[in-house]
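A.B. asks: Using only what follows, build the 3D model:
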Amino acid sequence: MSTQAPAPGFAPDPTIDPVGSPNLIGPKLPIPHLGIAYDKPRPWWFVLGIVLGQLGISIALMGPATVSIQIKASQLASSPAEAASITVFAVAPGALAAVIFNALNGRISDRSTSRFGRRLPWLIIGSLGMLVRLALIALAPGAALMAVGWFLAQAAGNLALASYVASIPDQLSPAQYGRASGLVGIAGNLAVMIATWLASAFGGNMLTLFLVPGLIGMVLVLAFGGFLLESRRRHRLHGAARRGPGHRGARRSDDDAHPRGEVTAGL
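C.D. replies: Numbers count the residues shown, from 1 in each chain. As a prediction, the model looks like this:
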């Protein structure tokens, strides 16, 4: 993996270390220079996309965590005590997966580049993977498969979540951090209420109970991904208009592609 220096005339991003970063689970790895921070506020529609992304991920993760797994356990158990035991058995591995994969996936996305940006591919992969694993929980005939499904769902969900959280400072100017963080917090709390309402509406069918929150989450995450792509397109058009025709010194934003269009990750 090679580093990329900032374009002439632009200060280097202080968050990028061109030499490498300490890594407790591997060698010191170079981090590609992908751009500099935005110095102008982003439009309202982009902040809306950030809020929708948080809402979608939280609905998909909080629905099973707060209600759906308990309903599934009650269906499998013959007594309330057995249902509680199944719930604990199924939820515990997911909590471990969240701790591990949130940090791990953050490091993966930090070191990834592609023609679609460094965060968007992992947002898509994580949301799709979470939907598939939620279906596994819905169809599980016993507690063991539920635990495996929830572990895998949390791993995939935190892949999307880590990429999403990292994309906020990537994409916003520092002046917008406070307002955006407040809106994201509201979206997270709203997601818990929505997940509870969905559980009450679809509690009679295990597939819809798990898949409807997952589908809503995937659609909203993809909507946020669309905002990322549109923002990058406008940024490039604006940069090209300012530079004029024939100028080769393109400025690269944090979500711009690697020159070779590769996806690389260092662990």
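A.B. asks: From here on, just use CA atoms for contacts and neighbour counts.
C.D. replies: Noted.
A.B. asks: So which residues of the stretch 1-150 of the chain form helices?
C.D. replies: Taking DSSP state H, counting those that start in this stretch as the test, the helices found in the stretch 1-150 of the chain are 44-63, 69-76, 80-110, 120-139, 143-171.
A.B. asks: Reformat these as a markdown table; add mean neighbour count.
C.D. replies: Output for these, formatted as a markdown table (neighbours: other C-alpha atoms under 10 Å):
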| stretch | mean neighbour count |
| --- | --- |
| helix 44-63 | 23 |
| helix 69-76 | 20 |
| helix 80-110 | 18 |
| helix 120-139 | 23 |
| helix 143-171 | 23 |
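A.B. asks: who wins for proximity to L229 among those helices?
C.D. replies: Closest approach to L229 among these (C-alpha to C-alpha): helix 120-139, 8.6 Å.
A.B. asks: mean confidence for the closest one?
C.D. replies: For helix 120-139, the mean per-residue pLDDT is 90.
A.B. asks: What of stretch 168-178?
C.D. replies: pLDDT averaged over stretch 168-178 gives 80.
A.B. asks: Stretch 218-229 too?
C.D. replies: On average, the pLDDT along stretch 218-229 is 85.
A.B. asks: got a list of contacts for it?
C.D. replies: With contacts defined as C-alpha atoms under 8 Å, 6 or more residues apart in numbering, stretch 218-229 is touched by 45-46, 49-50, 52-57, 60, 116, 120, 123-124, 127-128, 131.
A.B. asks: Buried residues in that stretch, which are they?
C.D. replies: By 16 or more other C-alpha atoms under 10 Å, the buried positions in stretch 218-229 come out as 218-225, 227-229.
A.B. asks: And the helices in the stretch 151-267 of the chain, which stretches?
C.D. replies: Secondary structure of the stretch 151-267 of the chain (DSSP H, counting those that start in this stretch): helices at 177-202, 206-243.
A.B. asks: Residue ranges in the protein under the pLDDT threshold?
C.D. replies: Within the chain, the stretches with pLDDT under 70 are 1-39, 230-267.
A.B. asks: Pick out the residue closest to the middle of it.
C.D. replies: Closest residue to the average C-alpha location of the chain: A160 at 2.5 Å, with C-alpha atoms, centre = their mean.
A.B. asks: Quick check: that residue vs L207, distance?
C.D. replies: As for A160, its distance to L207 is 22 Å (criterion: C-alpha to C-alpha, to the nearest Å).
A.B. asks: Same question for G149.
C.D. replies: Distance from G149 to L207, by C-alpha to C-alpha: 14 Å.
A.B. asks: For the buried residues of stretch 218-229, give me TSV that also has distance to G185.
C.D. replies: Listed next are those as TSV, based on distance: C-alpha to C-alpha, whole Å:
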residue	distance to G185
M218	19
V219	20
L220	16
V221	16
L222	20
A223	19
F224	16
G225	20
F227	20
L228	20
L229	24
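A.B. asks: Please identify which pair of the residues you listed lies farthest apart.
C.D. replies: Among those, M218 and L229 lie farthest apart (C-alpha to C-alpha), at 16.4 Å.
A.B. asks: can you pull the contacts of A73?
C.D. replies: A73 neighbours (C-alpha under 8 Å, 6+ apart): 83-84, 86-87, 143.
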